[in-house]
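>>> Any chance you can model this:
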Amino acid sequence: MLVTSSSARAQDPLRSDAPVTPAGFRVAPAGQELGVPRFATGFQGPLGSALSPDGDQLLSVSSGAARRQSVDLFDLQRGARSDAVTYDATKALGESAFYGVAFSPDGRRAWASGGGQDVVHVLSVKDGQLSETGQIAAPNFPAGLAYGRTPRGPRLYVANNLSGPAVGLNPPGNSVTVIDPDAGTVLKKIDLGAALQPFGVAFARDGRKAYVTNWLGRNVNVIDTTTEEKIAEVALDPDPLRADHPSAIAENPRRNEVYTANANSDTVSVINTESDQVAATIDVALVPGGPKGANPDGLDVSPDGRTLYVAEAGENAVAVIDLDTRRVRGFVPTSWYPADVDVSPDGRRLVTTNTNDSGAGPNPCGPLTPRTDCPAPDPENDRSDVRDSQYSGSMIKGSLTTVRLPFKPGRLRRLTARVRANNQARARAQRKPAALNAIKHVIYVIKENRTYDQVFGSLNEGNGDASLNLFDDRSAPNHRALARRFGLYDNFYADAEASADGHNWATQANSTDYVDKTWPINYSPRPRGSQRAYDFENVPLAQQFLTEPLPSDPSVFRSAAAQTVGYLWDNAWARGVSYRSYGEYTRFPGDCTQPRDNASDTTHLQARFGDPVDVEYPGYNMSCSDHVDREPEWEREFREHEANGSLPALSIVRLPNDHTNGTRAGQSTPESYMADNDLALGRMVDTLSHSDYWDDTVMLVTEDDAQNGPDHVDAHRTLALVISAYNQRGGVDSTHYDTSAMVATAEDLLGLPPMSIVDQRASRMWPLFDSRPDSSPYKARQPEVIPFGQPDAPRNPPTAPMARQSASWDFTKEDATPEIGLNQAIWKSIRGRRSEMPAPRHEHIIGSQPNDEEGESEER
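Have a look, this model is predicted:
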């Protein structure tokens with residue numbers, strides 16, 4: 001049992017310095033925000049919540065990448081966390097908590113799903129204290145759960161999201177576990193038929209039926225609670241743009257209806273529980289008719305049954321829906337990524353559970369900090385709790401926002417206007433410079449994991465910190481020369497925390513509900529980290545679903561990670577724009593020798609494979625050299641295209657080796673890997689600039705994520721390059737950009753529409769383009785450090801800093817290594833064993849400025 005103090009703060013929505021997300025959306029929640037101290041244990045990545053029957057307490061299930069997941073108890077009267085039960089990822093079974101939570105009718109007991117631990121946690125709630133009193137086996141991967149009074153007595157229904165252990169794949173589940181909550185025993189497992197990862201559970205208001213969403217489909221299972229058998233299936237809509245990826249579900253206490261949050265389609269389906277038919281589909285988008293991306297993922301109904309509240313993770317808002325008219329009345333701003341919402345039994349308070357709070361700032365007591373007033377951690381131990389306070393995927397805590405109800409029309413109009421302003425919903429179209437109408441081709445290069453300061457920190461032209469510059473002109477001469485010539489972007493941020501969501505952001509300008517809920521488990525310390533397989537990019541055919549077709553091409557089945565409209569190449573395909581993939585979303589090859597077959601079935605492009613994919617180009621594999629294996633293969637094809645006049649309009653090229661292989665003894669040094677990556681990039685630009693395509697091509701370069709490396713502004717800040725004959729020489733652009741801004745720039749250059757609300761609203765990277773081309777070519781620089789791939793490339797000795805730790809890490813998949821440890825190893829290999837890597841900072845993204853304003857005066 002853990003008791004910690006919490007913090008409560010009111011928010012001033014009119015502050016111009018309000019914190020922003022990487023995408024540039026301001027975070028200025030209405031009402032009061034409750035959180036926990038930065039270094040407190042638990043409350044990291046909350047996904048699900050439940051209010052006590054009296055409305056005075058709230059339980060939240062925190063399912064983040066931290067070592068310790070938790071069930072957190074908040075006293076809403078005091079505005080503070082009163083207790084928490086934590087679950088340690090490093091224990092033998094990989095203790096876990098995931099999403100589902102429910103109170104008993106008397107408020108003295110509760111239950112929480114255990115995710116990959118395959119249990120339901122039984123909890124006691126008494127006098128503001130929370131304790132676990134037992135566990136009930138509920139394999140596999142229990143997710144949503146609900147308590148209901150049925151004709152057979154009180155029951156817990158638990159959605160089994162998987163059907164077996166995650167060994168390479170995530171075998172989709174198709175069952176519901178029925179539990180007697182009084183006896184604490186499993187009574188039955190209900191077969192749901194098709195295996196589509198059941199997720200959310202709700203009972204009809206009379207308890208005679210239960211409804212379970214299929215996360216990987218567009219339907220809802222109906223269960224007769226008397227026979228405890230599935231009796232029907234509700235098809236939400238044949239069009240995935242109207243009903244896709246049903247996630248949360250909630251019942252109406254006054255009407256015979258339940259509601260599903262369709263996360264990928266920005267809609268809510270209304271199901272009549274008498275007829276088990278869809279009565280209505282409600283569009284909950286902030287701007288109806290536009291791209292998707294609001295990501296509705298939680299909902300609740302007012303006690304009088306007349307109002308539905310929907311959490312929208314992508315808009316940082318709650319939609320307020322009039323159930324009489326089936327129309328959205330307005331929106332309420334929340335903190336970052338609202339995941340669930342609850343209405344108090346008296347209907348006077350709305351509580352939103354936010355996965356990320358709006359108060360993450362610098363972390364001065366990080367590993368190897370120079371400060372003397374901090375506890376001495378073990379920075380080389382990935383099982384240390386210190387990791388949780390350093391890694392960007394786990395250091396940001398959750399929050400609750402509470403707002404008084406009801407909303408009078410004038411107040412709701414003002415709150416809605418605030419949401420629109422926060423999210424740039426009415427951003428004006430940014431006209432492409434006329435000279436760029438000459439551009440016919442985009443080469444989009446995606447690299448791995450570096451921050452701005454690590455590569456550009458010592459460039460005097462931009463906002464850098466030279467003390468954090470690890471890769472300079474010795475190992476990254478081309479990156480730095482390209483920035484000096486074609487322009488420096490010193491305010492560019494990765495939208496992602498890790499590769500799992502990073503490659504999704506880089507290729508679809510979005511990260512779906514499925515990705516955001518499950519990647520933290522995969523990135524948790526083991527054994528919890530092995531409870532969910534990595535299924536976020538190179539997804540095998542077995543994990544692509546007939547129930548998830550691409551709207552523009554029904555022959556292409558999507559994986560759970562893909563948004564409804566698919567990826568950048570799907571956008572191109574639907575508009576007749578030619579494209580080719582070099583290693584992005586293809587199989588991770590076992591080695592770098594011929595013959596290769598990187599097409600196979602490991603992508604969402606199965607039905608179109610062959611021509612659009614270079615099967616000879618290696619995907620992610622740290623044993624393949626960027627300048628020996630990857631760039632020459634790209635160049636070989638480029639020369640053929642030049643000879644034939646057949647260069648695809650869009651080329652997506654993966655250059656991953658700036659990830660490095662750490663300091664494992666016998667492996668090439670981090671600087672050598674960076675030199676390999678740098679030389680490959682330089683040669684690509686050299687080849688392009690000496691070709692016939694130089695005057696009609698733009699090359700865009702960025703990282704999939706910044707992986708929490710050192711940066712004096714924020715650990716999300718990363719490098720970006722825009723390279724063409726039309727670039728101004730030596731310019732600096734300090735506009736706030738993000739990954740989606742680069743995607744949007746590529747789309748505008750090729751005449752493609754935006755795929756999500758994020759790239760639709762993103763700033764285009766136009767300022768450093770000139771009206772006339774400068775066709776002088778670029779000549780690649782040879783790094784002073786011998787690149788990996790050459791026989792005499794420098795190797796890590798057995799005594800290299802953290803060589804022992806590096807030897808135990810898995811470099812076969814991106815981000816399988818402990819992120820903080822890898823960055824420390826890289827730092828020490830370059831700066832010396834005794835050097836101290838500064839703590840990562842998160843000041844620019846999601847605010848460093850405390851707000852001491854009190855109350856909700858701005859809403860009255």
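
>>> Let me see the confidence value for V167.
You'll see V167 listed with a pLDDT of 86.

>>> in the sheet, who's paired with it?
Residues in a beta bridge with V167, per DSSP bridges, are L169.

>>> That one is in contact with R532, isn't it?
No. Assessed by C-beta atoms under 8 Å, V167 is found out of contact with R532, at 11.1 Å. C-beta: built from backbone N, CA, C; applies to glycine.

>>> Distance check, T325 against F456.
Distance, T325 to F456, using C-beta to C-beta, to the nearest Å: 53 Å.

>>> more neighbours, these two?
Shown here are T325 and F456; by other C-beta atoms under 10 Å, F456 has more neighbours (33 against 9).

>>> number of nearby residues for the closest residue in space to that one that isn't next to it in sequence?
The shortest distance from F456 to any non-neighbouring residue, by C-beta to C-beta, 6 or more residues apart in numbering, is to G464 (5.5 Å). For G464, the count of nearby residues is 23 (other C-beta under 10 Å).

>>> Tell me which residues touch G464, please.
G464 makes contacts with 452-453, 456-458, 490, 712, as judged by C-beta atoms under 8 Å, 6 or more residues apart in numbering.

>>> Compare V167 and R532 and say which one has the larger neighbour count.
Neighbour totals were compared for V167 and R532, and R532 leads with 24 against 9 (other C-beta under 10 Å).

>>> if we can go back for a sec, from the contacts of G464, which land in helices?
Among those, the members found in helices (DSSP state H) are 452-453, 456.

>>> could you pull out the helices for the stretch 651-800 of the chain?
670-689, 739-750, 757-761 (DSSP state H, counting those that start in this stretch).

>>> okay, the longest one in PDB with CA atoms only?
Below are the C-alpha coordinates for helix 670-689, written out as PDB (Å, rounded to 0.1, in the frame of the first residue of the first chain):
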ATOM      1  CA  PRO A 670      28.400   4.300 -31.500                       C
ATOM      2  CA  GLU A 671      30.400   6.900 -33.400                       C
ATOM      3  CA  SER A 672      31.200   4.400 -36.100                       C
ATOM      4  CA  TYR A 673      27.500   3.500 -36.500                       C
ATOM      5  CA  MET A 674      26.700   7.200 -36.700                       C
ATOM      6  CA  ALA A 675      29.400   7.700 -39.300                       C
ATOM      7  CA  ASP A 676      27.900   4.800 -41.300                       C
ATOM      8  CA  ASN A 677      24.500   6.400 -41.200                       C
ATOM      9  CA  ASP A 678      25.900   9.800 -42.000                       C
ATOM     10  CA  LEU A 679      27.900   8.600 -45.000                       C
ATOM     11  CA  ALA A 680      24.900   6.900 -46.400                       C
ATOM     12  CA  LEU A 681      22.800  10.000 -46.100                       C
ATOM     13  CA  GLY A 682      25.500  12.200 -47.700                       C
ATOM     14  CA  ARG A 683      25.900   9.800 -50.600                       C
ATOM     15  CA  MET A 684      22.100   9.800 -51.200                       C
ATOM     16  CA  VAL A 685      22.100  13.600 -51.500                       C
ATOM     17  CA  ASP A 686      25.300  13.500 -53.600                       C
ATOM     18  CA  THR A 687      23.600  11.000 -56.000                       C
ATOM     19  CA  LEU A 688      20.400  13.000 -56.100                       C
ATOM     20  CA  SER A 689      22.100  16.400 -56.600                       C
END
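
>>> if you average pLDDT over that helix, what comes out?
For helix 670-689, the mean confidence score works out to 98.

>>> List the buried residues in that helix.
670-689 (16 or more other C-beta atoms under 10 Å).

>>> What of stretch 468-487?
Neighbour-count burial for stretch 468-487 [16+ other C-beta under 10 Å]: 468-473, 475-483, 485-487.

>>> Let me see the contact set for A725.
With C-beta under 8 Å, 6+ apart, A725 has these contacts: 689, 694-695, 773-775.

>>> Swap in 6 Å and give it another go.
Residues counted as contacts of A725 (C-beta atoms under 6 Å, 6 or more residues apart in numbering) are 694-695, 773-775.

>>> Which of those fall in strands?
Residues of the contacts of A725 located in strands (DSSP state E): none.

>>> Give me the buried subset of those.
Buried by 16+ other C-beta under 10 Å: 694-695, 773, out of those.

>>> residues in contact with the helix or strand hosting G144?
Per DSSP states H and E: G144 is located in strand 142-150. Applying C-beta under 6 Å, 6+ apart, the external contacts of strand 142-150 come out as 99-100, 102, 113, 120, 155-159, 161, 199-203, 207, 225.

>>> Show me which of those residues are buried.
99-100, 102, 113, 120, 155-159, 161, 199-203, 207, 225.

>>> Can you tell me which of these end up in strands?
Checking those against DSSP E, those in strands are 102, 113, 120, 155-159, 161, 199-203.

>>> For the helix or strand where V320 lies, what does the pLDDT average out to?
Here V320 sits within strand 317-322, counting by DSSP H and E. Here strand 317-322 scores 99 as its mean pLDDT.

>>> Show me what that strand is packed up against.
strand 307-312, strand 327-333 (3 or more C-beta pairs under 6 Å, 6 or more residues apart in numbering; DSSP states H and E).

>>> Mind putting these into JSON lines with distance to A23?
Formatted as JSON lines, the helices and strands packed on strand 317-322 follow (distance: least, C-beta to C-beta, whole Å):
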{"stretch": "strand 307-312", "distance to A23": "14"}
{"stretch": "strand 327-333", "distance to A23": "15"}
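
>>> Can you show me the helices along the chain?
Under DSSP H, the chain gives helices at 409-422, 452-456, 477-486, 499-508, 513-523, 568-574, 631-644, 670-689, 739-750, 757-761, 803-807, 819-831.

>>> Run the angle between the third one and helix 670-689 for me.
Going back to what we said before, that points to helix 477-486. Angle between the axes of helix 477-486 and helix 670-689 is 50 degrees (criterion: axes from the mean of the first three to the mean of the last three C-alpha atoms, to 10 degrees).

>>> okay, now the residue lying closest to D106 once chain neighbours are set aside: neighbour count?
For D106, ignoring the flanking residues on the chain, the nearest one in space by C-beta to C-beta, 6+ apart is P53 at 7.1 Å. Residues lying near P53 (other C-beta under 10 Å) number 14.

>>> mind checking the end-to-end distance for stretch 535-542?
Length of stretch 535-542, first residue to last, C-alpha to C-alpha, to the nearest Å: 11 Å.

>>> same question, stretch 575-586
One end of stretch 575-586 to the other measures 22 Å (C-alpha to C-alpha).

>>> what does stretch 765-783 give?
Start-to-end, stretch 765-783 (C-alpha to C-alpha) is 29 Å.

>>> contacting residues for K209?
So K209 contacts V222 (C-beta under 6 Å, 6+ apart).

>>> if we look at the sheet, which residues does it bridge to?
Beta-bridge partners, per DSSP bridges, of K209: D224.

>>> And it, how far from R255?
K209 is 14 Å from R255, by C-beta to C-beta.

>>> Then D658?
To R255, D658 is 56 Å away according to C-beta to C-beta.

>>> higher neighbour count, those two?
Using other C-beta under 10 Å as the criterion, D658 and R255 rank with D658 on top: 27 against 16.

>>> For that one, give me the pLDDT.
93.

>>> my guess is it meets T451, correct?
No. D658 lies out of contact with T451 (C-beta atoms under 6 Å); the separation is 11.0 Å.

>>> Tell me who's in contact with T402.
31-32, 349, 351.

>>> cutoff 8 Å now
Contacts of T402 (C-beta under 8 Å, 6+ apart): 31-32, 34, 76, 79, 349-352.

>>> which stretches of the stretch 601-750 of the chain aren't confidently modelled?
601-611, 708 (pLDDT under 70).

>>> run the last query once more with 80
For the stretch 601-750 of the chain, the stretches with pLDDT under 80 are 601-611, 707-709.

>>> so what are the domain limits for this protein?
1-137+353-361+384-426, 434-492+549-831 (automatic domain parsing).

>>> For the residue nearest to F456, what are phi and psi?
Backbone torsions of G464, given as degrees, to the nearest 10, read phi -120, psi 170.
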